[in-house]
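In: Fold the following.
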Amino acid sequence: GEKDAVLEESGCGTAMADCEPTVRTVSGVPAGFRYITCQVHNCSDNTWTTPFAGPIDRGSLTVQDDYVFVKATTTNQTKYYISYRRNEFVRMKLPKYALPKDLQVISTDESQVFVAVQEWYQTDTYNLYQSDTRGVRYSLVLEDVRSSRQAEENVVIDILEVRGVKGVFLANQKVNGKVVTLITYNKGRDWDYLRPPSTDMNGKPTNCKPPDCHLHLHLRWADNPYVSGTVHTRDSAPGLVMGAGNLGSQLVEYKEEMYITSDCGHTWRQVFEEEHHILYLDHGGVIVAIKDTSIPLKILKFSVDEGLTWSTHNFTSTSVFVDGLLSEPGDETLVMTVFGHISFRSDWELVKVDFRPWFSRRCDEGDYGSWDLTDLQGDRCVMGQQRSFRRRKPASWCVTGRSFTAALTARVCPCRASDFLCDYGFERAPSSESDANKCFANFWFNPLSPPDDCVLGQTYTSSLGYRKLVSNVCEGGVDPRQSPVRLQCPLLPPRGLQVSIRGAAVAVRPGEDVLFVVRQEQGDVLTTKYQVDLGDGFKAMYVNLTLTGEPIRHRYESPGVYRVSVRAENVAGHDEAVLFVQVTAPLQALYLEVVPVIGVNQEVNLTAVLLPLNPNLTVFYWWIGHSLQPRLSLENSVTTRFGDPGDVRVTVQAACGTSVLQDSKVVRVLDQFQVVPLQFSKDLDAHNPNTPEWREDVGLVVSRLLSKETSIPEELMVTVVKPGLPTLADLHVLLPPPRPTRKRSLTSDKRLTAIQQVLNAQKISFLLRGGVRVVVAVRDVDTDSPSLGSGGGYWAVAILFVSGLFAVGAFILYKFKRQGHLASLGSRGKQRGPEGHGGLGLWP
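Out: As a prediction, this is how the structure comes out:
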């Protein structure tokens, strides 16, 4: 009853009457494209609704089955959103570091979404992901599916759904330059190579044996909609698949031999040496094949026994250039039409071919046999059930007719581990390991963290890493999801507070209406109060500010720079967001990289990372602390020192013309702390997208693992991963807060010793995609080479070991030689560190 449409920026017009997605121009709509819906019987300017609030990318609206997809790009970041059954739009949750360059919807059958995602490191391949029922949370099912671009920049992904048998897909995977064909029977949970036939079409041995040789198929769609393409399947002929390809270690582009299977890919036979166009008649009871060639033809081939034998038929007395094949409506038909032209200047020629005279009777029950669906391992339980199909016996020359049903029986199987897929945030261990069916949490994902919409007083279930395949119907048996822990939603402090101007700007014109939007990524919102200071004397207190999503409307009358701050606070904690508004012109965004921990009066490098890099003249404004007077520079980095201990907020803006981008970080300035240089196993470099957020997450997982192994509080360790390659890091070990009832002791030595022991024992490691394990170790600073693109060298590590034979002697040394000894060590630390990073503080 609804129509979907897209609206373009300013203007006006009359509502369209069709039901297709439409580009419109509308008055009163902010610049950009909008997604709107309205009732078909009453679609006018006054009846539009906007299911998606913001602007969307042109051409990104996709309406398919129960799902609506849109894409929105702002400040060089692309986000994908989905609506299930016309409910509210939510952001599609791909793995955190997929960083998609492109996303293509492959299938939305059976209340599930298949998408192909081109990630940040891919050029001619895509990764295949499978969703939950709502299409929100996605899990990886196959990597490196080959892609190609056709006319008008259309992307073609080498994946094909086998029609007639749900859950079966074919895909071409490209690894190390080689393309191989894979098949799955459980919607991507498991993949296997196609088995080669033992003999060719002439009965000669193929000498093609796994694991060095398999069957590979071309999975191209035909440019001509009236021909079958390289692989042909139909819903009315389950299990019957014909395709063009070759035998060997990989797919060869110029080889297009024809192969057929009648048991859904379990066994294959060669039928032709060259590619043919295929048409199924009478539920696959008759297979028609015409050679794919550029020369005129008058002969077609047909088979009535599923390709075991073939007959020829002269369909015309004059050869024609074949343009396509058509069958009459209905799967039971035995009448087809060949259309083409005699010459390039002639009109179309249509030739009717009627196969009904070949068959004298209709089939009865004695003319049918049955076949059981199995995977390549012979397992009959596919997608949780044992399915049997019936088909006409090869020796029976009869017509199946309209009433024929291929599905025969289906029996539900008990559930097994293979019926479950790894949940969002988890990944399956590689098949080479003993626990290959187990799912492990990715390093960036914490399964125990409450969901973003978790409200105090409610409960949530933490995932154990598994979810059942959506269309799998198994019952009972094994369930790795069983007994999930139900947890109470805690009162969380506000985290990830952001204040921005609607439209992603941080500069406005005097007198212009400004809409401030406050967002909070984590934490309770019902009990949180928000103190807003817009910098020009306007101050207010809000509740439910981030819950309602209503913007704060304001107008600056005078030019200048205004410090806008929002402080969110509840009984569990607080967070603060700062935005500097330049009242001059429309603006935009950027990333500030700075060491989170630094010593008093120690030189620190502040670097502004712009993506993409702006080749034009850019002015950088640096605010340190609460000062409204920035430091200006034409370089993207500056050095400074902090004279007093405490937390100092650093904010940078990059201005180019009327565009201004901003980021802000808090630096912890300490009197004393220690630094341990770290390195990673070389496999991490291949998975390093060189983004600041990725470096933060790697640092968090290292600190968390070290805390778990050494029992050192996580808040006393800060791991900073450096930009560029090779991937290096520094572990900052902080001084514990003083206790009023106890004096400081030499526990720092024990902490450092414990850290060194677990690192030397290779106990600190984490898994990447594909089961790649990354080991963290101590880095030798003497042989350390500078990382590419980093802004400053490395920090030396100074470790104080105090030992004695007697407790009295240790006490005397500690009591009377403490300050001189530390000064000596501090001096050595200055000598070892490179310029700008010497003189680390130490505590006893």
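In: any low-confidence regions in the stretch 51-200 of the chain?
Out: Across the stretch 51-200 of the chain, the ranges flagged by pLDDT under 70 are 75-76, 151-153.
In: all strands of it, in order?
Out: Assigned by DSSP state E, counting those that start in this stretch, the stretch 51-200 of the chain shows strands spanning 62-64, 67-74, 77-84, 90-91, 102-107, 114-118, 125-131, 138-149, 155-157, 159-161, 169-175, 178-184, 192-193.
In: Which secondary structure elements does the third one sit against?
Out: Meaning strand 77-84. Packed against strand 77-84 by the contact rule (3 or more C-beta pairs under 8 Å, 6 or more residues apart in numbering; DSSP states H and E) you find strand 67-74, strand 90-91. Where C-beta positions appear, they are placed from N, C-alpha and C, glycine not excepted.
In: Please identify the pairing partners of the last one and their relative orientation?
Out: Pointing back at strand 90-91 there. Strand 90-91 has the following sheet partners, assigned by DSSP bridges: strand 77-84 (antiparallel).
In: in the strand it pairs with, what counts as buried?
Out: Of the residues in strand 77-84, 80-84 count as buried by neighbour count, 16 or more other C-beta atoms under 10 Å.
In: same deal with stretch 653-664?
Out: Quick answer for stretch 653-664 (16+ other C-beta under 10 Å): 653-655, 659-664.
In: Repeat that for stretch 717-736.
Out: Buried, per 16+ other C-beta under 10 Å, within stretch 717-736: 717-723, 725-735.
In: mean confidence for the strand or helix carrying M242?
Out: In this assignment (DSSP states H and E), M242 forms part of strand 241-248. Averaged over strand 241-248, pLDDT sits at 94.
In: Which strands or helices does the helix or strand following it pack on?
Out: Next in sequence after strand 241-248, counting helices and strands by DSSP H and E, comes strand 257-261. Applying 3+ C-beta pairs under 8 Å, 6+ apart, one finds that strand 257-261 makes contact with strand 241-248, strand 269-272.
In: Highest mean neighbour count out of those strands?
Out: Using mean count of other C-beta atoms under 10 Å, the stretch among the helices and strands packed on strand 257-261 with the greatest mean number of neighbours is strand 241-248 (a mean of 24).
In: who's in contact with F404?
Out: By C-beta atoms under 8 Å, 6 or more residues apart in numbering, F404 lies in contact with 283, 332, 363.
In: Lowest-confidence member of those residues, which is it?
Out: Among the contacts of F404, E332 has the lowest pLDDT, at 72.
In: Hmm, it is touching V286, no?
Out: No - counting by C-beta atoms under 8 Å, E332 sits too far from V286 to count as a contact (10.8 Å).
In: show me where the stretch 451-600 of the chain has helices.
Out: 545-548 (DSSP state H, counting those that start in this stretch).
In: low-confidence ranges in it?
Out: 482-484, 504, 584-589.
In: on that earlier part again, same list (the helices and strands packed on strand 77-84) but as a markdown table, adding distance to S228 and mean neighbour count.
Out: A markdown table is the format used below for the helices and strands packed on strand 77-84 (distance: least, C-beta to C-beta, whole Å; neighbours: other C-beta atoms under 10 Å):
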| stretch | distance to S228 | mean neighbour count |
| --- | --- | --- |
| strand 67-74 | 28 | 20 |
| strand 90-91 | 39 | 13 |
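In: Looking at these, which is nearest to P414?
Out: Checking the helices and strands packed on strand 77-84 against P414 by C-beta to C-beta gives strand 67-74 as the closest, at 31.5 Å.
In: Next, the angle from the closest one to strand 77-84.
Out: 160 degrees (axes from the mean of the first three to the mean of the last three C-alpha atoms, to 10 degrees).
In: With just CA atoms, put strand 67-74 into CSV.
Out: Output in CSV follows, covering the C-alpha atoms of strand 67-74 (Å, rounded to 0.1, in the frame of the first residue of the first chain):
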residue,chain,number,x,y,z
TYR,A,67,14.1,-4.9,3.9
VAL,A,68,14.9,-1.3,3.0
PHE,A,69,18.5,-0.3,2.6
VAL,A,70,20.0,3.2,2.5
LYS,A,71,23.5,4.6,2.6
ALA,A,72,24.6,7.9,4.1
THR,A,73,28.0,9.5,3.6
THR,A,74,29.1,12.4,5.9
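In: what's it in contact with?
Out: Residues contacting strand 67-74 (C-beta under 8 Å, 6+ apart): 4, 35, 51-52, 54-57, 60-63, 78-84, 86, 89, 103, 105, 108, 113, 135, 504.
In: gap between the closest residue to R58 other than its chain neighbours and F52?
Out: In space, not counting the residues next to it along the chain, R58 is nearest to F33; the distance is 5.2 Å by C-beta to C-beta, 6 or more residues apart in numbering. Distance of F33 to F52, computed by C-beta to C-beta, to the nearest Å: 10 Å.
In: any idea how far the lengthiest helix in the chain is from the chain center?
Out: Across the chain, the helix with the greatest residue count (assigned by DSSP state H) is helix 692-710. Centroid separation between helix 692-710 and its chain, computed with C-alpha atoms, centre = their mean, to the nearest Å, is 22 Å.
In: Show me what the helix or strand following it is packed against.
Out: The element immediately downstream of helix 692-710 (helix or strand, assigned by DSSP H and E) is strand 717-721. Strand 717-721 sits against helix 692-710, strand 728-734, with contacts defined as 3+ C-beta pairs under 8 Å, 6+ apart.
In: in the longest one, what's buried?
Out: Taking 16+ other C-beta under 10 Å as the neighbour-count basis, helix 692-710 is seen to contain the buried residues 694-695, 697-706, 709-710.
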